[in-house]
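# what follows is a predicted structure for the sequence shown.
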Amino acid sequence: MTKSARTRALFVVILVLLSLGGQSAQGQSGGRSRGLAKPITVPVTIRIRGPKLQVEGRFVNLLLREDGEVQTILSLRRPAENPIFLAVLIQDDLASSIATETKGIADFVRRLPGGSRVMIGYIRAGSLDVRRKFTIDLEKAAASIRVPLGTASASPFNPFVEIIEGLRKFDAQPLGRRAIVVISDGVDISRGLDSSSPGQSLDLQRAITEAQRRSVPIYSIYAPPAAAFGNQLLGANGQGCLARLSAETGGEAFFQGTGAPVSLEPFLKQIEASMERQIALTYLSTHGNKGFHRLEIKPLEGDAEIRHPAGYTR
């Protein structure tokens, strides 16, 4: 390399360093640190309308905005490339009709693709009763599903505390696609009747935040407790809490009126189909400041529908 070429190369390096230093200073003074850009992975469920042969295996072009700004998508991983880590959480004081559904729940676990890892837990008074830690043995996971106790003594004051406990179990697992299926009444009376409202439950908000932080969509199925509610508003609030929990984490909520579902099978099949369409989307976030970052993900094709978390907390 000639002396003049070396001089030009050095000049370019200096310009790059000055540019990076200016961006870092701008991020520190402006409240948004560009220097802390990092990859973020979120679960995205894509449904394409049309004949199965035309949509199977097809990727969709997506536009992703974080806090209103377009971000760079780094990768899209299909379900076959990324086995799912799934936790099934069942509230232990649910109506007796749920006892007849345990076989269907076990069959749902057995139908999961090979390589999936499953945890089984029961939401009850005290702490989460983990019947089976994350395992690749789907038969053992299915065999650990038991009939809910169905007694008021097992009733949790707040199912969301145990859901948070279940979310923390993902921390010891490798990164990958994740999900929770929770069967619950969704009622939080830990701080009195006022805390049962979807907008007032502090632990509901905590559960949403922890799920978003770990990229875990939550699919919820509403079922009433064995002991009838003394207040009809509680049931409605419970459904509202579950609906918000699922909507803001990228999952889906399922109800059948205000009573116990006649069968969980239709809901479980919809959840199964949804997880088959779930991809792991990784993008480069340029917003380095701590706190909540709102996400907007849109398909660029008109025949596609998207479900994704409302955002994530850094």
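Ah, there it is.
# measure stretch 286-304 end to end?
Stretch 286-304 has an end-to-end distance of 27 Å (Cα to Cα, to the nearest Å).
# and what of stretch 242-255?
So stretch 242-255: terminal residues 10 Å apart, Cα to Cα.
# which residues touch it?
Contacts with stretch 242-255, where a contact means Cβ atoms under 8 Å, 6 or more residues apart in numbering, come from 42-45, 160, 163, 179-180, 182, 184, 186, 198, 204, 207-208, 211-212, 216-222, 239, 261, 267, 270-271, 274, 307-311. Placement of C-beta: from N, CA and C, glycine included.
# now swap in stretch 147-165 and tell me
89-96, 98-99, 102, 121-128, 180, 182, 184-190, 201, 203-204, 206-207, 210, 218, 225-227, 241, 245.
# same question, stretch 298-314
For stretch 298-314, contacts defined as Cβ under 8 Å, 6+ apart pick out 40, 42-50, 60-63, 209, 211-213, 215, 217, 247-252, 274, 281, 285, 287-295, 297.
# could you double-check that Val42 lies in contact with Glu296?
No. Val42 is not in contact with Glu296 according to Cβ atoms under 8 Å; the separation is 11.6 Å.
# which of the two has more neighbours?
Just comparing Val42 and Glu296: by other Cβ atoms under 10 Å the higher neighbour count belongs to Val42, 21 against 15.
# any idea which element the more buried one lies in?
Per DSSP states H and E: Val42 is located in strand 38-48.
# run the chain-centre distance for that strand.
Relative to its chain's centre, strand 38-48 lies at 11 Å (Cα atoms, centre = their mean, to the nearest Å).
# direction included, what does it pair against?
Partner strands and pairing direction for strand 38-48 (DSSP bridges) are strand 278-285 (antiparallel), strand 304-307 (antiparallel).
# next helix or strand past the last one?
In other words, strand 304-307. That would be, after strand 304-307 and using DSSP H and E, strand 311-313.
# next: the first one.
Beyond strand 278-285 in the direction of the C-terminus, DSSP H and E gives the next helix or strand as strand 292-299.
# got CSV for the strands paired with strand 38-48, with mean pLDDT and distance to Lys140 too?
Output for those, formatted as CSV (pLDDT from 0 to 100; distance: least, Cβ to Cβ, whole Å):
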stretch, mean pLDDT, distance to Lys140
strand 278-285, 92, 24
strand 304-307, 90, 31
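# do you know which of those strands lies nearest Asn82?
Asn82 lies closest to strand 278-285 among the strands paired with strand 38-48, at 5.2 Å (Cβ to Cβ).
# the contacts of stretch 147-165, buried ones only, as a PyMOL selection?
Buried residues among the contacts of stretch 147-165 (16 or more other Cβ atoms under 10 Å), as a PyMOL selection:
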select buried, resi 89+90+91+92+93+94+95+98+102+121+122+123+124+128+180+182+184+185+186+187+188+189+190+201+203+204+207+210+218+225+226+241+245
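# from the contacts of stretch 147-165, which ones fall inside strands?
Using DSSP state E, Leu89, Ile90, Gln91, Gly121, Tyr122, Ile123, Ile180, Val182, Ser184, Ile218 are the members of the contacts of stretch 147-165 that sit in strands.
# quick one: the strands in the stretch 1-150 of the chain?
38-48, 62-66, 69-70, 72-77, 84-91, 117-123, 129-135 (DSSP state E, counting those that start in this stretch).
# contacts for the third one?
Counting by Cβ under 8 Å, 6+ apart, strand 69-70 makes contact with Leu63, Leu64, Thr286, His287, all of which sit outside it.
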